[in-house]
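1. Quick one: sequence and predicted model below, then my questions.
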Amino acid sequence: MKKILLAGILGGFIAFVWSAVVHLNPLTAPLGLSLLNEQEAPVMAALQSNVPKPGLYFFPGMDLTKCASKEQQEAWTAKYKAGPSGLLLLQPKGGEPMAASQLVIELVSTLLCGLIAAFVLAATVGSCACRVALVASLGLFAWLAISVSQWDWYAFPFGFIAVDAIDQVIGWLLAGLLMVKLIKPANQTAPMPGAQSGSL
């Protein structure tokens, strides 16, 4: 059990460090992100004046708590097709660009992911390569389940979710390389009494 916990913590820490590398280096950090450039000042001023509460806004908006009439649905569809449309994630009062609390939350969540991966790994058999691939596939699973949906349904730039793939898949691949060294394969199921190799 101690080795499983140690492997989970170390694996999660490796994934955390790799994530920092991916999101802080000048090659991959800006992928999928665009700048407003000279339009930034008037856009920020308009947001400060018109959107006082933090939240994730979608536009053109529709009140999803009420059942829209056919005419309202048609009007919203026309606005959506005409554009622009999108999501606006806003913090009107700003804040620290990289607060200590955010780093702590990210580290804790990644360590918990490492522990989950460690317990899954402890219940599996197979070669080292297969077990490393299993841990990496957990990152791939998360990317397919979340990031691809964000690209498909909410039009996140593909470059943005490509960074997520580099982060999750490679990060957990690296974590898996260490974790399989500490966690032995699960015991194979014992053969039935009296069973012989090659018997029917």
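-> Okay, I see it.

2. Any stretches of this structure with poor pLDDT?
-> 188-200 (pLDDT under 70).

3. one more time with 50
-> The model of the chain has pLDDT under 50 over residues 189-190, 192, 195, 197-200.

4. In the chain, what residue spans correspond to strands?
-> Using DSSP state E, the strands of the chain run over 55-59, 86-90.

5. wait, which of the ones you listed is closest to residue 170?
-> strand 86-90 (25.9 Å; C-beta to C-beta). In this view, the C-beta of every residue, glycine as well, is placed from N, C-alpha and C.

6. buried sites along stretch 85-104?
-> Within stretch 85-104, no residue qualifies as buried by neighbour count (16 or more other C-beta atoms under 10 Å).

7. Span of it from start to end?
-> Criterion C-alpha to C-alpha, to the nearest Å; first-to-last residue distance in stretch 85-104 is 34 Å.

8. Next, the residues that contact it from outside, please.
-> For stretch 85-104, contacts defined as C-beta atoms under 8 Å, 6 or more residues apart in numbering pick out 47-48, 51-60, 154-155.

9. which of the residues you listed lies closest to residue 82?
-> Of all these, residue 60 has the smallest distance to residue 82: 8.6 Å, by C-beta to C-beta.

10. Pretty sure the closest one sits against residue 79.
-> Yes - under the criterion of C-beta atoms under 8 Å, residue 60 makes contact with residue 79 at 4.1 Å.

11. hang on, the earlier thing: out of the strands of the chain, flag the one nearest residue 74.
-> Closest of the strands of the chain to residue 74 is strand 55-59, at 17.5 Å (criterion: C-beta to C-beta).

12. so that closest one versus strand 86-90, what angle?
-> Strand 55-59 and strand 86-90 meet at an angle of 160 degrees, taking axes from the mean of the first three to the mean of the last three C-alpha atoms, to 10 degrees as the criterion.

13. Going forward, the N-terminal residue is numbered 49.
-> Yep, numbering from 49; the last one is strand 103-107 now.

14. Direction included, what does strand 103-107 pair up with?
-> When sheet partners are counted by DSSP bridges, strand 103-107 sits next to strand 134-138 (antiparallel).

15. And the partner strand, how far out from the chain middle?
-> 18 Å (C-alpha atoms, centre = their mean, to the nearest Å).

16. Can you go through the contacts of stretch 133-152 and name the buried ones?
-> residue 108.

17. Which single one of the contacts of stretch 133-152 is nearest to residue 215?
-> Checking the contacts of stretch 133-152 against residue 215 with C-beta to C-beta, the nearest one is residue 202 at 18.6 Å.

18. ok, that closest one to residue 133 distance?
-> Counting by C-beta to C-beta, to the nearest Å, the separation of residue 202 from residue 133 is 10 Å.

19. same deal with residue 89?
-> Distance, residue 89 to residue 133, using C-beta to C-beta: 24 Å.

20. cool, and residue 92?
-> Separation of residue 92 from residue 133 (C-beta to C-beta) stands at 21 Å.
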